[in-house]
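In: Predicted model and sequence follow; I will ask about them next.
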Amino acid sequence: MPNYPQEIAKIKVNKTGAVVSLHKPLLLLLTIADVINGHANNFAFKDIESQLKELLGKYGLKNTKTLTPAYPFVYLASSPTLWKCSIERSALKSQKSFSRAEVKKANAQFDAGFFQFLQNTEQARGVVWQILNAYWPEAYHEDILRDLGIDGVMQQFVLNERLKLPRGRLFVEEVLDSYERQCAICSQSIRLGDALIGIDACHVKPIQHFGDDHITNGIALCKIHHWALDRGAISISENRALLISPKLNGNRINEFFHEFANKDIFAPRNNSNQLNEKNTEYHRKFIFAGG
């Protein structure tokens, strides 16, 4: 039997520069979630097209120029130990660009061995967790699982797995020290005794997008501003001022966000520890919901 986690890790994804396409990962999440919820091993393109397109719109990156679900539905078959499609790429008029009409009647299924593997709910949860961590920061996980209809099934599993994640303690301590253990946006620095509460060392360019653990890719933020950065609700200008997405709305946004709009974020005293503009530019270009 193939090592399915390894096979998933080897999935070929299109890349634009240093940014990966999320089409295949989202198709896998959607169909695996269906299996967890009792779906048979048969997926008609017409039945999943709408939901996959919606997921691409919500959780694809800003470099996603097309929300065409037909592409991953056919192209995922390049991983034959995982996916079989009734339409072969060689049968298409163009393997790089094809129409929805060519695929609208297509069906696909998991390889029989992979489907059997997924019948074990614990193994299926493990694969979902693997894909989530490989392609999205934690701030997205809860929403993706809810949209897939498996948030309840995954809740305890996710909590247990997060406890096992290795922590880059050197990165964390360097970033927190450099930002004087306070949020770079709102200056929150609450402690219980000597223990700091609710301040994270955050990656500006996410690890999932080939970001690194260098201090110039790190910033200290409170929980609210950390998740806002990860989800693209805020970003950092080339002059290191706070940018607020015009799409941000809800209660108390003036208090937590607009009060700090266009104001300089805290800068480390050591110039060599300040944010690398290539990382903030990446965030503005591919993650920030700027308009």
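Out: On my side now, so go ahead. Numbers count the residues shown, from 1 in each chain.

In: and Ile131, how far is that from Arg146?
Out: In this view, Ile131 and Arg146 are 16 Å apart by CB to CB, to the nearest Å. For every residue, glycine as well, the C-beta is placed using N, CA and C.

In: I meant to write Trp227 there.
Out: In terms of CB to CB, Trp227 sits 15 Å off from Arg146.

In: more crowded one of the two?
Out: A direct count of neighbours by other CB atoms under 10 Å for Trp227 and Arg146 places Trp227 higher, at 18 against 12.

In: Now that we're looking at the residue sitting furthest away from the middle of the chain, what pLDDT does it have?
Out: In the chain, the residue that sits farthest from the middle, by CA atoms, centre = their mean, is Gly193; the gap is 34.8 Å. For Gly193, the model assigns a pLDDT of 89.

In: same deal with Arg100?
Out: 78.

In: Repeat that for Tyr71.
Out: pLDDT, Tyr71: 88.

In: how long is stretch 102-112 from one end to the other?
Out: Using CA to CA, to the nearest Å, the end-to-end distance of stretch 102-112 comes to 25 Å.

In: If we go by neighbour counts, what in that stretch is buried?
Out: Judged by neighbour count using 16 or more other CB atoms under 10 Å, the buried positions of stretch 102-112 are 103, 106, 108-111.

In: Include secondary structure when you put these into CSV, please.
Out: Formatted as CSV, the buried residues of stretch 102-112 follow (DSSP: H, G, I helix; E, B strand; the rest coil):
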residue, secondary structure
Val103, coil
Ala106, coil
Ala108, strand
Gln109, strand
Phe110, strand
Asp111, coil
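
In: and which of these is nearest to Leu159?
Out: Nearest to Leu159 out of those is Phe110 (CB to CB; 27.3 Å).

In: Surely that closest one is in contact with Pro80?
Out: No: in this structure, Phe110 is not within contact of Pro80 by CB atoms under 8 Å, at 10.8 Å.

In: Show me what the helix or strand where Asp177 lies is packed against.
Out: Asp177 is located in helix 169-178, with elements delineated by DSSP states H and E. The contact analysis (3 or more CB pairs under 8 Å, 6 or more residues apart in numbering; DSSP states H and E) places helix 169-178 against strand 199-203, strand 218-222.

In: So for that helix, what gets flagged as buried?
Out: 171-172, 174-176, 178.

In: got these as JSON lines, with distance to Ile199 and pLDDT columns?
Out: Below are those laid out as JSON lines (distance: CB to CB, whole Å; pLDDT from 0 to 100):
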{"residue": "Phe171", "distance to Ile199": "14", "pLDDT": "90"}
{"residue": "Val172", "distance to Ile199": "10", "pLDDT": "92"}
{"residue": "Glu174", "distance to Ile199": "14", "pLDDT": "94"}
{"residue": "Val175", "distance to Ile199": "10", "pLDDT": "96"}
{"residue": "Leu176", "distance to Ile199": "7", "pLDDT": "95"}
{"residue": "Ser178", "distance to Ile199": "12", "pLDDT": "96"}
